[in-house]
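S.K.: with the sequence up front, the predicted model follows.
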Amino acid sequence: MSGPRFVPVPADRLLAELRAIGALVEGKGGRFVEGKWGREVVVDVVPPGGRALVRVFTSLAAGAAEVRDCGDDAVRIVVGVDTPERFRPLEESQKILRTAPQGAADRVAVFLERLREAIRQAYGRARDAPACPRCGRAMAVRSTKPMASGQLGASRQFYGCIGFPVCRGTMDMDAVRGAG
């Protein structure tokens, strides 16, 4: 059977792809920062003037020849904000599994294309992260608490200021989508 299987990704190809993305971003006035989170190589892709950034957790240990050889390990992409206290995600992280069809001529290239597309989409979300109407900081996707059992209704999503609890600015998600 030729279904998707995990692909060993050489460090030099992964880093070359991420650095090429970084060069494009820097060419448009953004920033690309390569660093480490613990032992893992992590890159930040920052849109010009953006309130948010895209953080890519590579699953590559600094100095290793290829990404970790774990069956369920994946590259993770998170749109968030770097604050002095910590990195604050604005949405749930997205896993990009290191898979490609077994019959593909260059399985690493197939994976890297999927990764490139996921970063492009996350970059758009970081670039367009809504600003808090009260303080101007980025807003994160939040959910209301589900209603008590026996009551009608479900939780709903909205944007909330990352400055909570100091700033309690909120926005309806549909209003933001309609404005964009």
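M.R.: Arrived safely, thanks for sending.

S.K.: SS state for the closest residue to Q94 other than its chain neighbours?
M.R.: Closest residue to Q94 apart from its sequence neighbours, by Cβ to Cβ, 6 or more residues apart in numbering: I77 at 4.7 Å. In short, each C-beta sits where N, CA and C put it, glycine included. Classification of I77 by DSSP: H, G, I helix; E, B strand; the rest coil places it in strand.

S.K.: what about I77, distance to K28?
M.R.: Remark: distance between I77 and K28 (Cβ to Cβ, to the nearest Å) = 19 Å.

S.K.: swap in D128?
M.R.: 15 Å.

S.K.: then S59?
M.R.: Computed as Cβ to Cβ, the S59 to K28 distance reads 27 Å.

S.K.: neighbour-wise, which of these two wins?
M.R.: S59 (22 against 9; other Cβ atoms under 10 Å).

S.K.: give me phi/psi at the more buried one?
M.R.: phi 60, psi 30 (degrees, to the nearest 10).

S.K.: contacts for the helix ranked longest in the chain next, please.
M.R.: Counting by DSSP state H, the longest helix found in the chain is helix 107-127. Residues outside helix 107-127 that contact it (Cβ atoms under 8 Å, 6 or more residues apart in numbering) are 7, 9-10, 13-14, 17, 21, 25, 45-47, 50, 52-54, 56, 75, 77-79, 90-91, 94, 96, 98-101, 104.

S.K.: residue boundaries of the helices in the protein?
M.R.: 11-27, 107-127, 173-179.

S.K.: tabulate those helices (TSV), appending distance to K145, mean neighbour count and mean pLDDT.
M.R.: As requested, the helices of the chain are exported to TSV (distance: least, Cβ to Cβ, whole Å; neighbours: other Cβ atoms under 10 Å; pLDDT from 0 to 100):
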stretch	distance to K145	mean neighbour count	mean pLDDT
helix 11-27	38	16	96
helix 107-127	25	18	95
helix 173-179	17	11	67
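
S.K.: who wins for proximity to P133 among those helices?
M.R.: When the helices of the chain are compared by Cβ to Cβ, helix 173-179 sits nearest P133, at 10.4 Å.
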